[in-house]
Each structure stands twice: as C-alpha cells, then as structure tokens.
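Engineer: Need coordinates for the below:
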Amino acid sequence: MDGIKFKKEILNQIRRYLKGEITKEEYYDIAEPFYSEYADCCNDEIFKNKFFETVVNACIYYIDEPGLTPEIKEKEFYKELNYAYKELEKLK
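Structural biologist: Residues are numbered from 1 along each chain as shown. Model (predicted):
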C-alpha cells in the first residue's frame, strides 16, 4: 500500500462512520488495526499527526473513557470525526 491509498482508506473509514454505515465502535475496530499496520506506508507526517491528534483522541475520549452518557459520547465523537474528516481532506 502506498501513501495515497492509505490516505484514501483513512478518509473512507471516517466517511462511512459519518454517513451512518458503521457505528463508532465498528469504526474503532476497523481504524485502529488499519492505522497500526499501514501507517508506515505513508510519509506524510502532517496527515498522520492530524489523524492522531483528532481521531485517536476522539476514540479515547468518546469510546474508551467512562463518565459521559452514550448520547453525549455519540454526539461529540461525530463532531470530532466530522472536523477531522474536513481537515484531513485538505491534506490528502
């Protein structure tokens, strides 16, 4: 896999969540192993850093961490991924 395909797949995974095709938990189950396996194929450190600081943090805060209601977690996760998608689109 090359960097262009990596970026397209990252964006596709986020898009699928935003369109309601997959849940946030399914997104996490897809995105984490994909990133772990293929991140080295992409030399665009700006793209990878933006993904890491937005999407990874959203997964930690709104999937893994207890304390918020499921409704708030869903709303905030969607908001963060929507922002991340727009920012990563600019960098593709």
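Engineer: buried set for stretch 43-61?
Structural biologist: For stretch 43-61, a neighbour-count test (16 or more other C-beta atoms under 10 Å) marks Phe47, Lys48, Lys50, Phe51, Thr54, Val55, Ala58, Cys59 as buried. C-beta coordinates here come from the backbone N, C-alpha and C atoms, glycine included.
Engineer: Which of those sits closest to Ile72?
Structural biologist: For these, the closest approach to Ile72 (C-beta to C-beta) belongs to Ala58, at 12.8 Å.
Engineer: show me where pLDDT drops low in the chain?
Structural biologist: The model of the chain has no residue with pLDDT under 70.
Engineer: Can you show me the strands along it?
Structural biologist: Counting by DSSP state E, one finds no strands in the chain.
Engineer: Find the residue at the geometric middle of it.
Structural biologist: The centroid of the chain falls nearest to Val55 when counting by C-alpha atoms, centre = their mean (4.1 Å).
Engineer: What sits closest to it if chain neighbours are left out?
Structural biologist: Excluding the flanking residues, the one nearest Val55 by C-beta to C-beta, 6 or more residues apart in numbering is Ala84, at 5.0 Å.
Engineer: ditto for Phe6
Structural biologist: That would be Cys42: by C-beta to C-beta, 6+ apart, it lies 4.3 Å from Phe6.
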